[in-house]
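In: This is the structure alone, sequence omitted:
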């Protein structure tokens, strides 16, 4: 067992290494066939029509905001319980963000509060919503789509935690995160701690050909060589920059790694769900709130977030034992940049969640002995605390 157990860690196999080596020996290191192969395979996995690979999920979010036409002064609603990139993408385009509190049963954006906020504002106040499938919990995007349509909003689904997550609707149908059924655009991350690791990398999925075409251009400097799109043609070398785009491409080397990792994602999802189930059983009876288990969702379990009144003490104790936990997330509105921009904000459910949240180690390469050690140390902490309390006169 490793001397340190992190909250997340990548797994690289011999097959992954061979896929990268084969690409290194090929004619293309970037802008070659491995990109389209990864995009097509990923689109098929989530059930979307189109997928665009990019260099990281932050770039993916930025491209989404650009493609949806976010402009200075527009207001967009966002969950505060996410990494700062989810809302920063709106600021990059000059837009403004307002936060909606979270539900305490799944830590995602509270749709009741969202509806209340929208109904109390003049129609047209907000342009769109950025919602996050937090920790791998698939939000009810069908309901969110109905709300968005009622108020004329676009939807970005930040599914960075949730490849392979599904939710079931009242008609018995299962819907996959990122499938494009409900969100205009969905975003995934391939950071090393995620389900698929390409070192850095991201993917955008959509069912809209218009948005797909826009994002492909924006990903590569806003340049096209398509003869049908050109305003003139000086020869076979000719290209045109028709919009202000970025260089957000993902190279073939990393796409080859992503395709290799994607081949075993179902196995990795199963392993994460096994780990989550074992944690829940082991912690039964302890003063810990474990993530909800619901029959109408298939959780992707990027994170395993518990809640405890003794979060800081438990964090410090586990770290002293070589178990490196993390807190996901510090409310975005508590970041100094956001305080300076919008002033001090308090959302009671998010504040309550943050005061108790702790992410325990969760990664599909986690061994049974590593998890057993984490469980034993958590139990040791609470048992020691109980004994200390009982011995106090």
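Out: Okay, I see it. Source: prediction; values computed, not measured.

In: Break this structure into its domains for me.
Out: 14-262, 265-384 (automatic domain parsing).

In: Straight-line length of the longest one, end to end?
Out: Taking Cα to Cα, to the nearest Å as the measure, domain 14-262 stretches 14 Å from start to finish.

In: just to revisit the earlier point, hey, which of the domains of the chain is tucked in deepest?
Out: Mean neighbours per residue, mean count of other Cβ atoms under 10 Å, is largest over the domains of the chain for domain 14-262, with a mean of 20. (Each C-beta comes from the backbone N, C-alpha and C, glycine too.)

In: what is the rounded mean pLDDT of that one?
Out: In this model, domain 14-262 carries a mean pLDDT of 97.

In: Dead centre of this protein: give me the residue that sits there.
Out: residue 160 (2.0 Å; Cα atoms, centre = their mean).

In: Residues in a beta bridge with the closest residue to it other than its chain neighbours, which ones?
Out: Once flanking residues are discounted, residue 160 sits nearest to residue 189: 3.7 Å by Cβ to Cβ, 6 or more residues apart in numbering. Here residue 189 shows beta-bridge partners residue 202, assigned using DSSP bridges.

In: quick one: residue 189 from residue 72, how far?
Out: In this view, residue 189 and residue 72 are 27 Å apart by Cβ to Cβ, to the nearest Å.

In: With residue 367 instead?
Out: 51 Å.

In: same question, residue 43
Out: Distance of residue 43 to residue 72, computed by Cβ to Cβ: 33 Å.

In: Also residue 258?
Out: According to Cβ to Cβ, residue 258 stands 35 Å off from residue 72.

In: what helix or strand does the nearest residue to residue 47 once chain neighbours are set aside sit in?
Out: Nearest residue to residue 47, sequence neighbours excluded (Cβ to Cβ, 6+ apart): residue 179, at 4.0 Å. Under DSSP states H and E, no helix or strand contains residue 179.

In: Which parts of the stretch 1-150 of the chain are strands?
Out: Counting by DSSP state E, counting those that start in this stretch, the stretch 1-150 of the chain has strands at residues 50-54, 75-78, 96-99, 128-132.

In: Can you tell me which of those is nearest to residue 345?
Out: Counting by Cβ to Cβ, residue 345 lies closest to strand 96-99 out of the strands of the stretch 1-150 of the chain; the figure is 6.7 Å.

In: Give the other helices and strands that the closest one contacts.
Out: Strand 96-99 sits against strand 75-78, helix 85-92, with contacts defined as 3 or more Cβ pairs under 8 Å, 6 or more residues apart in numbering; DSSP states H and E.

In: who does that strand pair up with?
Out: Under the criterion DSSP bridges, strand 96-99 sits next to strand 75-78 (parallel) in its sheet.

In: distance between the strand it pairs with and the chain's centre?
Out: Offset of strand 75-78 from its chain centre (Cα atoms, centre = their mean, to the nearest Å): 17 Å.

In: Can you tell me what sits against that strand?
Out: Residues from elsewhere that reach strand 75-78 (Cβ atoms under 8 Å, 6 or more residues apart in numbering): 70, 86-87, 90, 95-100, 109, 114, 117-118, 125-131, 332.

In: now stretch 174-181
Out: Contacts of stretch 174-181 (Cβ under 8 Å, 6+ apart): 46-50, 133, 138, 141-142, 157, 159, 162-169, 182, 186, 188, 205-208, 298, 300.

In: 6 Å - rerun?
Out: Here stretch 174-181 makes contact (Cβ atoms under 6 Å, 6 or more residues apart in numbering) with 46-48, 133, 138, 159, 162, 165-168, 186, 205-207.

In: again, but for stretch 315-328
Out: With Cβ under 6 Å, 6+ apart as the test, stretch 315-328 has contacts from 3-7, 303, 357-360, 374, 377, 381.

In: thought residue 137 was touching residue 107?
Out: No. At 7.2 Å, residue 137 does not count as touching residue 107 under the criterion of Cβ atoms under 6 Å.

In: Show the end-to-end separation of stretch 291-299, please.
Out: Using Cα to Cα, one end of stretch 291-299 lies 10 Å from the other.

In: can you check stretch 77-91 too?
Out: With Cα to Cα as the measure, stretch 77-91 spans 12 Å from end to end.

In: Are there helices or strands packed against the longest helix anywhere in the chain, and which ones?
Out: The longest helix of the chain (DSSP state H) is helix 368-391. For helix 368-391, the packing partners by 3 or more Cβ pairs under 6 Å, 6 or more residues apart in numbering; DSSP states H and E come out as helix 311-320.
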